[in-house]
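S.K.: Next come a sequence and a model predicted from it.
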There are 2 protein chains.
Amino acid sequence: MELHRREFGALLLGAATALSAATPASAESDPLPSWNDGPAKEAILKFVHATTDPSSPDFVPAEERIAEFDQDGTLWVEHPVYTQVVYCLDHVGQLVKEKPELKHKEPFKAVLSGDREAIAKLSMREIFEIVLLTQSGMTVEDFRADVRQWLATARHPRWNRPYTELVYQPMLEVLSLLRANGFTNFIATGGSANFVREYSGKVYNIPPERVCGTSQADKFGHGKDGKPVLIQEPKLILNNLEAGKIENFWLLYGRRPVFGFGNSSSDDQQMLEYVKAGSGLRLSAAVLHDDPEREYAYGPAQGLPDTKVGTFSQAMYDMAVKQGWIIVSMKNDWNRIFSFEK
Amino acid sequence: MELHRREFGALLLGAATALSAATPASAESDPLPSWNDGPAKEAILKFVHATTDPSSPDFVPAEERIAEFDQDGTLWVEHPVYTQVVYCLDHVGQLVKEKPELKHKEPFKAVLSGDREAIAKLSMREIFEIVLLTQSGMTVEDFRADVRQWLATARHPRWNRPYTELVYQPMLEVLSLLRANGFTNFIATGGSANFVREYSGKVYNIPPERVCGTSQADKFGHGKDGKPVLIQEPKLILNNLEAGKIENFWLLYGRRPVFGFGNSSSDDQQMLEYVKAGSGLRLSAAVLHDDPEREYAYGPAQGLPDTKVGTFSQAMYDMAVKQGWIIVSMKNDWNRIFSFEK
């Protein structure tokens, strides 16, 4: 009944917003309190108002209010390593117990050595290999249960908190604002869909069926007790990076989003370009991680350090400016980053 | 705003049903008027009551009330030929204009000859080839627009009505009953997802993002005007038949349905087996087409004629009986088949 109550509340809120559409939201109460006043906040509020006010030339019917969010680096912290990669590295020990022949094979050897420099040098192909093998051989339900268990105990090294607390408070406010205005929020992640689906409902109020991501095959068969099962296979079936992120969104949902939020050129650029190019008023936005004090600073856009995790290239920055995306500066646009901050 | 109002209404209805959960639904008004009283109708009503009454040991939280429906032969007529195949055959002429080299190649030659016997003998592999080629080369939006236009003029040869009127009224009532009780309905079709998505909202009140189906790849690129586009490619990426139907459901949505409805052993058997085997009260149901007067009769279960389209094998029938699925006899369980009937 939980969903009922939540959705009911959202609808009531949406209805209230629609009734008071003539007055700007900020006049009544601020739906984005963790955002500083400035062009980014203003653009988001204006967009929501213009697409939901029935008298607006940019009005979008509720069923077409589809919003697509990247996860790593957009909704939660992706540094120093993607959370799901940490999960998989933590499972390499178990994997080589079951398959000892991997012990002396790269990239598993490097992971087992604990040599942080060698681990940091792993290529994307090697990381995919680790992900596929550590996440295979179990039923789809057992995998989800293991993710749940891991998340309950794993801690981020910098904040010593569960990863699910390291979500950006300003982005939770954007998700709520959209939901209250009849938008349907989706996650499109470069990570495994079925990793994110384990907590997307609780953390983002986005149910599993609205999480699209990189996916391995699952295979129908029968267990020892004769019952049908779906077993995860070491076979990549959907690559949700770069252009794959928007190709797969159409494949899964048959929708063109009107609102897109990302941060990485290797992950979100084509998605944001495609969203913005739709006919009618569209919003594409990208988070620039430029706050080394409160979070991290990486680019290389605008001279920020070039990192392997969540790269924001200068080329994407230039495209964003040219096409009129919203660039969100963590440092300047967000007065609060995490909900646990004072 | 349409979706808002519809969802709002459904929630209110759901709330009303929850409040009156102690009295059986039929005592107040019949939510399934096109169903004759009998074990099938009774089983559906009992299941909905048992899974939504908070005091029931079989209660299922609203967010887990996932229902999966096959389309061809379950929600609408699939004889004498699957509607989407008719669409593709109608497009072979256009295809060979663009690619004249196909004119003398099978299976296109057989289609162009108009030889009904030769067309009826096309293998599934040949039909897939026709589907892939006739649905490729255009943007994803142009394909949907073409489907919309075709549906507006095409007519079923027997009833001389649009295909979208040949949906089963009793099944529309089941969809409404579930929706009013907090279930989320999904379509899982052996046909192309993006064909069905064009009309699923209007006809079934199921939006595109909840239609899973056989899918070809789409590719990100740029049009002549420099704008980003997604172009449909002649490459099969998801085969939504047999075990693929339930494997892909997990791939797309990360959910195990608690309610499944199908009709064909080559299409729905594994899905229905998997749904029924879940822990807790589950309902799997299959439509037996045994009414040659009002619709069609085909099996070969129970000695009905064996056909190539939507085969219901005796083996699936036996599995259904053994595992306690609901078998729906069109002839005996439905007092009305189409909404246009008196």
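M.R.: Happy to help now that I have it.
S.K.: could you point out where chain A is predicted with low confidence?
M.R.: Applying pLDDT under 70 to the predicted model, the residue ranges of chain A that meet it are A:1-28.
S.K.: Point to the residue nearest the middle of it.
M.R.: If you average the C-alpha coordinates of chain A and look for the closest C-alpha using Cα atoms, centre = their mean, you land on residue A:71, 1.1 Å from that point.
S.K.: who are the neighbours in contact with the nearest residue in space to it that is not next to it in sequence?
M.R.: In space, not counting the residues next to it along the chain, residue A:71 is nearest to residue A:189; the distance is 4.2 Å by Cβ to Cβ, 6 or more residues apart in numbering or on different chains. All C-beta spots, glycine's among them, are computed from the backbone N, C-alpha and C. By Cβ atoms under 8 Å, 6 or more residues apart in numbering or on different chains, the residues touching residue A:189 are A:70, A:71, A:72, A:196, A:211, A:212, A:213, A:214, A:240.
S.K.: mind running it again at 6 Å?
M.R.: Residue A:189 makes contacts with A:71, A:196, A:213, as judged by Cβ atoms under 6 Å, 6 or more residues apart in numbering or on different chains.
S.K.: Tell me which of those fall in strands.
M.R.: If you go by DSSP state E, the contacts of residue A:189 have residue A:213 in strands.
S.K.: Of the contacts of residue A:189, which is the nearest to residue A:267?
M.R.: The nearest member of the contacts of residue A:189 to residue A:267, counting by Cβ to Cβ, is residue A:71 at 9.5 Å.
S.K.: can you tell me how far that closest one sits from residue A:109?
M.R.: Note on residue A:71: its distance to residue A:109, by Cβ to Cβ, to the nearest Å, is 30 Å.
S.K.: what about the helix or strand hosting residue A:322, near chain B?
M.R.: Element membership for residue A:322 (DSSP states H and E) is helix A:314-323. No - Helix A:314-323 does not reach chain B (Cβ under 6 Å from any Cβ of the partner chain); its nearest approach is 10.4 Å.
S.K.: Beyond that helix, next helix or strand please.
M.R.: Of the helices and strands lying after helix A:314-323 in sequence (DSSP H and E), the nearest is strand A:326-329.
S.K.: Give me the buried positions along that following strand.
M.R.: Within strand A:326-329, the residues that count as buried by 16 or more other Cβ atoms under 10 Å in any protein chain shown are A:326, A:327, A:328, A:329.
S.K.: One more: stretch A:109-128?
M.R.: Using 16+ other Cβ under 10 Å as the burial criterion, the residues of stretch A:109-128 that qualify are A:110, A:111, A:112, A:119, A:122, A:126, A:127, A:128.
S.K.: residue contacts, the closest residue in space to residue A:39 that isn't next to it in sequence?
M.R.: Sequence neighbours aside, residue A:326 is the residue nearest to residue A:39 in space, at 7.5 Å (criterion: Cβ to Cβ, 6+ apart). If you count contacts by Cβ under 6 Å, 6+ apart, residue A:326 has them with A:40, A:43, A:285.
S.K.: 8 Å instead, please
M.R.: Contact partners of residue A:326, counting by Cβ under 8 Å, 6+ apart, are A:39, A:40, A:43, A:44, A:283, A:284, A:285, A:286.
S.K.: One more: residue A:316?
M.R.: So, once contact is read as Cβ under 8 Å, 6+ apart, residue A:316 ends up touching A:265, A:269, A:286, A:301.
S.K.: 7 Å instead?
M.R.: Listed by Cβ atoms under 7 Å, 6 or more residues apart in numbering or on different chains, the contact partners of residue A:316 are A:265, A:269, A:301.
S.K.: cool, and residue A:257?
M.R.: Residue A:257 makes contact with A:66, A:67, A:68, A:275 under the criterion Cβ under 7 Å, 6+ apart.
S.K.: if we can go back for a sec, would JSON lines of the buried residues of stretch A:109-128 with distance to residue B:29 and secondary structure be doable?
M.R.: Converted to JSON lines, the buried residues of stretch A:109-128 look like this (distance: Cβ to Cβ, whole Å; DSSP: H, G, I helix; E, B strand; the rest coil):
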{"residue": "A:110", "distance to residue B:29": "67", "secondary structure": "helix"}
{"residue": "A:111", "distance to residue B:29": "63", "secondary structure": "helix"}
{"residue": "A:112", "distance to residue B:29": "66", "secondary structure": "helix"}
{"residue": "A:119", "distance to residue B:29": "64", "secondary structure": "helix"}
{"residue": "A:122", "distance to residue B:29": "63", "secondary structure": "coil"}
{"residue": "A:126", "distance to residue B:29": "62", "secondary structure": "helix"}
{"residue": "A:127", "distance to residue B:29": "58", "secondary structure": "helix"}
{"residue": "A:128", "distance to residue B:29": "55", "secondary structure": "helix"}
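S.K.: which one of those residues is nearest chain B?
M.R.: Using Cβ to the nearest Cβ, the shortest approach to chain B within the buried residues of stretch A:109-128 belongs to residue A:128, at 17.2 Å.
S.K.: what's in contact with the helix or strand residue A:146 falls within?
M.R.: For residue A:146, the element it lies in under DSSP H and E is helix A:140-153. Counting by Cβ under 7 Å, 6+ apart, the neighbours of helix A:140-153 from elsewhere in the structure are A:87, A:90, A:135, A:162-164, A:194-195, A:198-199, A:218, A:230, A:232, B:250.
S.K.: all strands of the stretch 151-300 of chain A, in order?
M.R.: If you assign secondary structure with DSSP state E, counting those that start in this stretch, the strands in the stretch 151-300 of chain A sit at A:184-192, A:211-222, A:228-238, A:259-262, A:283-288.
S.K.: Packing partners of the third one?
M.R.: Applying 3 or more Cβ pairs under 7 Å, 6 or more residues apart in numbering or on different chains; DSSP states H and E, one finds that strand A:228-238 makes contact with helix A:124-134, helix A:140-153, strand A:211-222, helix B:244-253, helix B:269-276.
S.K.: so how far is that strand from its chain's centroid?
M.R.: In terms of Cα atoms, centre = their mean, to the nearest Å, the centre of strand A:228-238 is found 22 Å from the chain centre.
S.K.: swap in the first one?
M.R.: A distance of 5 Å separates the centroid of the chain from that of strand A:184-192, by Cα atoms, centre = their mean.
S.K.: and the angle from that strand to helix A:244-253?
M.R.: Using axes from the mean of the first three to the mean of the last three Cα atoms, to 10 degrees, the direction of strand A:184-192 lies 120 degrees away from that of helix A:244-253.
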